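**Student:** sequence plus the predicted model coming up.
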Amino acid sequence: MVEPFLSVRENGRVRNDLSTNAVIKSIAIAEGLGSTSAYTWMKLPVVADMERVMAATTMPTVLLGGDPEGTQDEVFSSWQAALALPGVQGLTVGRTLLYPQDGDVAGAVATAASLLHHTTEIPEN
């Protein structure tokens, strides 16, 4: 699993650039590493214009929770939209579920799990 980021130094601190273009560029760099990408998955942050981000890779991808911006509903909505994109296979989220804004850990986990169940279709025989 590769978690690529472009970082910048600001006021003596390192900050990940979470702009759509920076995430796409980090994907291009990461995909060029090594002699093959077989068995390699991306772990990418949910950013604006995830359609462009996912169009930049053919690798299976899981979504990184990161530091949530906006309300819980906005975060879950962005995850739901990203989970519907081709190539997105699931979530690898931590702080968002461990420290939800409303303090309801069980509710946050249940909401995240429901997003996964709604995107998975079981083929009929």
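**Tutor:** All right, it came through fine.
**Student:** from Leu64, how far out is Ala82?
**Tutor:** As for Ala82, its distance to Leu64 is 10 Å (criterion: C-beta to C-beta, to the nearest Å). Where you see a C-beta, it was placed from the backbone N, CA and C, and this is true even at glycine.
**Student:** longest helix of the protein?
**Tutor:** Across the chain, the longest stretch assigned as helix under DSSP state H is helix 105-119.
**Student:** shaky segments in this protein?
**Tutor:** Scanning the chain for pLDDT under 70 picks out the ranges 117-125.
**Student:** helices along that one, start to end?
**Tutor:** Counting by DSSP H, the helices of the chain are 20-31, 50-55, 72-83, 95-98, 105-119.
**Student:** so which elements touch the fourth one?
**Tutor:** So the one you mean is helix 95-98. Applying 3 or more C-beta pairs under 8 Å, 6 or more residues apart in numbering; DSSP states H and E, we find helix 95-98 packed against helix 105-119.
**Student:** can I get the helix it packs on in PDB, CA atoms only?
**Tutor:** This file holds the C-alpha atoms of helix 105-119, laid out as PDB (Å, rounded to 0.1, in the frame of the first residue of the first chain):
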ATOM      1  CA  VAL A 105     -17.900   6.600  18.200                       C
ATOM      2  CA  ALA A 106     -20.400   3.800  17.700                       C
ATOM      3  CA  GLY A 107     -22.600   6.000  15.500                       C
ATOM      4  CA  ALA A 108     -19.600   7.200  13.400                       C
ATOM      5  CA  VAL A 109     -18.500   3.600  12.800                       C
ATOM      6  CA  ALA A 110     -22.000   2.500  11.900                       C
ATOM      7  CA  THR A 111     -22.300   5.300   9.400                       C
ATOM      8  CA  ALA A 112     -19.000   4.500   7.800                       C
ATOM      9  CA  ALA A 113     -19.900   0.800   7.700                       C
ATOM     10  CA  SER A 114     -23.200   1.600   6.100                       C
ATOM     11  CA  LEU A 115     -21.400   3.500   3.300                       C
ATOM     12  CA  LEU A 116     -19.400   0.400   2.500                       C
ATOM     13  CA  HIS A 117     -22.400  -1.900   2.400                       C
ATOM     14  CA  HIS A 118     -24.300   0.400   0.100                       C
ATOM     15  CA  THR A 119     -21.400   0.400  -2.500                       C
END
